[in-house]
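*Asks:* Next come a sequence and a model predicted from it.
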Amino acid sequence: YTVRGVDLDTAPDLESAAAGLEKAKGVLRSKVGAGTGVRFTPTLTFATDTVPDTARHMEELLARARAADDELARAREGAVPAGDPDPYKEPRERDSNDGDDE
């Protein structure tokens with residue numbers, strides 16, 4: 001089950017939700033049995049859904065990555081390459097007066 005807060009800024013009340021589901025377990029089990037038409041209704045077990053927490057963690061990681069990208073972009077503004085402006089220079093052509101006899 002997923003529990004949400006009253007609004008986005010309010011933390012969910014997991015303890016109250018778990019207590020409420022545990023209290024209503026008998027009624028819910030009867031409804032499941034009546035709805036499925038099985039002779040023996042299995043025992044119900046409730047597990048907290050962790051997807052919202054995982055999604056929140058992923059959003060935090062993405063926000064940190066975006067911030068790092070923005071910081072890198074600011075550092076790159078006005079940066080000048082450390083070496084020659086054109087590191088891919090054309091090879092020098094040999095002169096006939098270089099002193100090499102072939």
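*Replies:* Yep, it's here. Residues are numbered from 1 along each chain as shown.

*Asks:* next structured bit after whichever strand or helix holds Ser16?
*Replies:* Element membership for Ser16, per DSSP states H and E: helix 14-23. Note on helix 14-23: by DSSP H and E, the next helix or strand toward the C-terminus is helix 25-36.

*Asks:* Tell me what angle that next one forms with helix 14-23.
*Replies:* 60 degrees (axes from the mean of the first three to the mean of the last three C-alpha atoms, to 10 degrees).

*Asks:* Check the protein for its longest helix and report it.
*Replies:* Scanning the chain for the helix with the most residues, using DSSP state H, yields helix 51-76.

*Asks:* average pLDDT across it?
*Replies:* For helix 51-76, the mean per-residue pLDDT is 93.

*Asks:* follow-up on the earlier one: for the helix holding Ser16, give me every contacting residue.
*Replies:* Tyr1, Val3, Leu28, Phe46, Thr48 (C-beta atoms under 8 Å, 6 or more residues apart in numbering). For every residue, glycine as well, the C-beta is placed using N, CA and C.

*Asks:* same check, this time on stretch 68-83
*Replies:* So stretch 68-83 is contacted by Pro87 (C-beta under 8 Å, 6+ apart).

*Asks:* low-scoring stretches of the chain, by residue?
*Replies:* Residues of the chain that meet the criterion pLDDT under 70 lie in 95-102.

*Asks:* repeat that with 90
*Replies:* The model of the chain has pLDDT under 90 over residues 1-14, 30, 33-43, 48-56, 78-102.

*Asks:* returning to what we had before: from the chain's centroid, how far away is the helix holding Ser16?
*Replies:* Between the centre of helix 14-23 and the centre of its host chain there is 29 Å, according to C-alpha atoms, centre = their mean, to the nearest Å.

*Asks:* Just the C-alphas of that helix, formatted as CSV.
*Replies:* Output in CSV follows, covering the C-alpha atoms of helix 14-23 (Å, rounded to 0.1, in the frame of the first residue of the first chain):
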residue,chain,number,x,y,z
LEU,A,14,2.7,5.2,8.0
GLU,A,15,1.9,4.0,11.5
SER,A,16,-1.7,5.1,11.4
ALA,A,17,-2.2,3.7,7.9
ALA,A,18,-0.7,0.3,9.1
ALA,A,19,-2.9,0.3,12.2
GLY,A,20,-6.0,1.1,10.1
LEU,A,21,-5.4,-1.7,7.6
GLU,A,22,-4.7,-4.1,10.4
LYS,A,23,-7.9,-3.1,12.1
